[in-house]
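> Whatever this is, show me its structure:
(chains A, B and C)
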Amino acid sequence: MSKVYIALQDNDESRYIVEAIEEDNPEATVIHMPAMIRIEMDGRLTVLRETVEEKMGRDWDIQELHLNLITLGGNVEEDDDSLSLHWNE
Amino acid sequence: MAKKLNIKDKYRLLTRDLDWEFSYVDRKDAFPFEEFEGIKITDWSKWEDPFRLTMDSYWKYQAEKEKKLYAIFDAFSQNNGHLNVSDPRYVNALKLFLTGVSPLEYQAYQGFAHVGRQFGGVGARVACQMQAIDELRHVQTQIHAMSHYNKFFDGFQDYSHMHDRVWYLSVPKSFFNDARAAGPFEFMVAIGFSFEYVLTNLLFVPFMSGAAHNGDMATVTFGFSAQSDEARHMTLGLEVIKFLLEQHEDNVPIVQKWIDKWFWRGTRLLTIVAMMMDYMLPNKVMSWKEAWEVYFEEAGGSLFKDLARYGIKMPKYAETIEKEKEHVSHQAWWIFYTHGHAAGFHTWIPSDEELDWLSEKYPDTFDKYYRPRWELAKEMEAKGERFYTKALPQLCTTCQIPMGFTEMDDPTQVCYRDSVYKGDRYHFCSDGCKDIFDDEPEKYVQSWLPVHQIFQGNCGGPDVENVLSDFYRMNLGEDNMDMKGSPDEKRWKQWKGVA
Amino acid sequence: MPIHAITPEYKGEVLDKLENFNGNQVVYVGWDHHLMFCAAFAYPLPPEMPFRALLDDVMPEAFSLHPEFSKINWDKAEWLLDGQPFIPQLNASLIDQGIGHKSLLRFQTPELKGVQEAGI
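Residues are numbered from 1 along each chain as shown, chains lettered A, B, ... in the order given. The predicted structure is shown next:
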């Protein structure tokens, strides 16, 4: 199965986003590198607005992800509640 | 109170609904570039932009990114951030970045502004216009970030002039000129897809992580800030490919040919990044080979598996490219080391620890083929005869890099290829570069090859020194030559209070 | 199709045509399996230059930095001209023995294996 990935800047906001991703995608692998965090996952990876809001304790717009995003790999599906990545095989 | 629009509705209203039909002009006259490449578009409304970013959100988020970025630039410069880099050799990677890469951001801006006008579909036009503005932001933030280094180090002063003239900078310059001189769809496959989706990751992710690892907060911040736009550009690149392939089956072979061409051109261009990672970052994050495996082989592999359902195959030279990861960084740094008198930055022999790191990372090739070169260079340096090559190199007509790449199955032999077109002979570093020429010779007979231009007397002279100082505007004895004994090194020692 | 252009019958300007080199032609010379020199060298030379002058007056400046250059037995060196086996005539001009504009000359010295016998 192909791996999708997302990389975020290593900062205070991303920490909550990463926590949310880990909770919603228990199979994901989190790799810490200098100044960045890379998360890989077989198949599909989803970022849920609700979980991020819970971790941050505030409203969070899914498009705020752009502020801390470094790169991603996979087809993107985005709506008001989530962003997900997947490959077609 | 009116209900808040969801992302999809907002995107539809603020993007698609801004388009209109032309009653007063023929559609073909309004979009004259859309057909000559042979691409068939039957329905632009099938275009899907996965990030449904509208202009109002775009400005909001970009403004926030800029505020964060400039706060860091200010802090970096107020705290003399240049003194915190790992080693003054590191700064030379930035000189190469500013002269070789930042001007490409400007070319990307020009290219996307052009196609952002020329596409018939409004979704594609809006996405390309946003990308054009992003690219302009990238060149500006990079110049701002590096203007701090310009106050303290040599080699940053004339990047734009140098980009247009210096021999090795014709490599990145001609790469983008080639893409921009193509039609709008080839440009998108070249830059939007091949370059942005797979190749820029190698520059902006592991290299920028390396900048952080070497204490350069300004660079890592502009790098990651630029890359946050890049994630949007990547999805645009992928969308373009899927859209073209879904629109008409006749598009498949055309797109495949462009993928073959631009992945090859891109890997050649990235040899500069390969040597930056393996030789110019004093604190190492990962080797070029490792980065290549993660971002090209693994990520690219998944991508091409996904595209297989359209009949798209891995780029044509994937097998050669796989072998090249063991060699190209070493071959590229040797080109620059031996031409250190003609480079606008400093070069050096890797330290003993660095040589050992290279042996460890390249167990199959480094000790056998490349370590002996550095031992020779050390011997010569010890005798007071630092090796600078004394004649000008043969260049590849397509990629314009000195013909220093070897046969991958015979790594001590330079790879020579040639073609004869209308009675003239043209030389290439590889099958990939030869095939690109053979497909469109009328384009590449126009290559502005720096060595030949010098011989023709178009770069001043008569001596190479005059070319370097007057035509390239290098400050000889300051910008060029070995790191050892350079003014950069002397100043650094003064600042640090070491002898 | 020699180009995919919007302009019908588009023709590119040949930037490196012979006439642009002020009476010279470009000749490339490379030493196989000796990668101390990262690439073949490019020389602008009069087409009438005898081969001997290339060997004695042009090549040594750059090539002689190699520790094996002085050990070459030129009687035994093997040459390729544009990929084909070639026996140079020392007193004939470049052009008269088929060495034309942008020709590539490669020489091979199989008994010399390069620095540390590593092809350098």
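> per-residue confidence at residue B:217?
Per-residue pLDDT puts residue B:217 at 89.
> Please, which helix or strand holds residue C:119?
For residue C:119, there is no enclosing helix or strand under DSSP states H and E.
> Excluding chain neighbours, give the residue nearest to it in space.
residue B:412 (2.5 Å; Cβ to Cβ, 6 or more residues apart in numbering or on different chains). To be clear about C-beta, it is placed using only N, CA and C from the backbone, and glycine gets the same treatment.
> Can I take it that the one you found is in a helix?
No - counting by DSSP: H, G, I helix; E, B strand; the rest coil, residue B:412 is located in no helix; its state is strand.
> That one: what's it in contact with?
Contacts for residue B:412 were tallied using Cβ atoms under 8 Å, 6 or more residues apart in numbering or on different chains; they are B:369, B:406, C:33, C:35, C:114, C:118, C:119, C:120.
> Residue C:49 now?
The neighbours of residue C:49, taking Cβ under 8 Å, 6+ apart as the test, are C:58, C:93, C:94.
> same thing with residue B:228?
Contact criterion Cβ under 8 Å, 6+ apart gives A:9, A:66, A:67, A:68, A:69, A:70, B:65 as the residues in contact with residue B:228.
> Angles on the backbone of it, please.
Phi and psi for residue B:228, reported as degrees, to the nearest 10, are phi -70, psi -30.
> pretty sure residue B:322 is touching residue B:297, no?
Yes - the criterion here is Cβ atoms under 8 Å, and residue B:322 meets it with residue B:297 at 7.1 Å.
> The contacts of residue C:49 into CSV, with extra columns for secondary structure?
What follows is the contacts of residue C:49, written out as CSV (three-state DSSP):
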residue, secondary structure
C:58, helix
C:93, strand
C:94, coil
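> And the helices in the chain?
Let's take chain A. A:12-24, A:49-56 (DSSP state H).
> I was after chain C.
Applying DSSP H to chain C gives helices spanning C:51-53, C:59-63.
> Looking at those helices, spot the one closest to residue B:498.
In this view, the helices of chain C are compared for proximity to residue B:498 by Cβ to Cβ, and helix C:59-63 is the closest at 37.2 Å.
> Give me the buried positions along the closest one.
The neighbour-count criterion (16 or more other Cβ atoms under 10 Å in any protein chain shown) identifies C:59, C:62, C:63 as the buried residues of helix C:59-63.
> and what of stretch B:363-377?
Within stretch B:363-377, the residues that qualify as buried by neighbour count (16+ other Cβ under 10 Å) are B:365, B:366, B:368, B:369, B:370, B:371, B:372, B:373, B:374, B:375, B:376, B:377.
> Over in chain A, which residue gets nearest chain C? Let me know.
Closest contact between chain A and chain C, by Cβ to the nearest Cβ, is at residue A:75 (29.6 Å).
> Could you report the neighbour count for that residue?
Taking other Cβ atoms under 10 Å in any protein chain shown as the neighbour definition, residue A:75 ends up with a count of 19.
> Distance of it relative to chain B?
Here residue A:75 is placed at a distance of 7 Å from chain B (Cβ to the nearest Cβ, to the nearest Å).
> can you tell me which residues contact the nearest residue to residue C:18 once chain neighbours are set aside?
If you skip the residues right next to it in sequence, residue C:18 has residue C:101 as its closest partner in space, 4.5 Å away by Cβ to Cβ, 6+ apart. Residue C:101 makes contacts with B:424, B:425, C:18, C:21, C:25, C:26, C:47, as judged by Cβ under 8 Å, 6+ apart.
> Please tell me I have it right and the residue of chain A closest to chain C contacts residue B:307.
No - counting by Cβ under 8 Å, residue B:307 is not a contact partner of residue A:75; they are 10.7 Å apart.
> what's the pLDDT at residue B:88?
What the model reports as pLDDT for residue B:88 is 96.
> Quick check: the gap between it and residue B:155.
Look at residue B:88 and residue B:155: by Cβ to Cβ, to the nearest Å, they are 12 Å apart.
> the more surrounded of these two?
Under the criterion of other Cβ under 10 Å, the comparison of residue B:88 against residue B:155 puts residue B:155 first, with 27 against 23.
> and the more buried one, what are its phi and psi?
Dihedral angles of residue B:155 (phi, psi; degrees, to the nearest 10) stand at phi 90, psi 0.
> Count the neighbours of residue B:234 for me.
Using other Cβ under 10 Å, residue B:234 has 24 neighbouring residues.
> For the strand or helix carrying it, buried residues please.
Per DSSP H and E, residue B:234 falls inside helix B:217-247. Residues of helix B:217-247 classed as buried under the neighbour-count rule (16+ other Cβ under 10 Å) are B:217-245, B:247.
> Same question for stretch A:33-44.
Within stretch A:33-44, the residues scored as buried using 16+ other Cβ under 10 Å are A:33, A:34, A:35, A:36, A:37, A:38, A:39, A:40, A:41, A:44.
> For the helices of chain A, could you give me a markdown table that also reports mean pLDDT?
What follows is the helices of chain A, written out as a markdown table (pLDDT from 0 to 100):
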| stretch | mean pLDDT |
| --- | --- |
| helix A:12-24 | 96 |
| helix A:49-56 | 97 |
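> any chance of the ones you listed in JSON lines, plus mean neighbour count and distance to residue B:337?
Output for those, formatted as JSON lines (neighbours: other Cβ atoms under 10 Å in any protein chain shown; distance: least, Cβ to Cβ, whole Å):
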{"stretch": "helix A:12-24", "mean neighbour count": "18", "distance to residue B:337": "39"}
{"stretch": "helix A:49-56", "mean neighbour count": "18", "distance to residue B:337": "48"}
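> Could you dump those helices into TSV with distance to chain B added?
Formatted as TSV, the entries for the helices of chain A read as follows, by distance: least, Cβ to the nearest Cβ, whole Å:
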stretch	distance to chain B
helix A:12-24	11
helix A:49-56	11
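> could these go into JSON lines alongside distance to residue B:35?
Formatted as JSON lines, the entries for these read as follows, by distance: least, Cβ to Cβ, whole Å:
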{"stretch": "helix A:12-24", "distance to residue B:35": "44"}
{"stretch": "helix A:49-56", "distance to residue B:35": "42"}
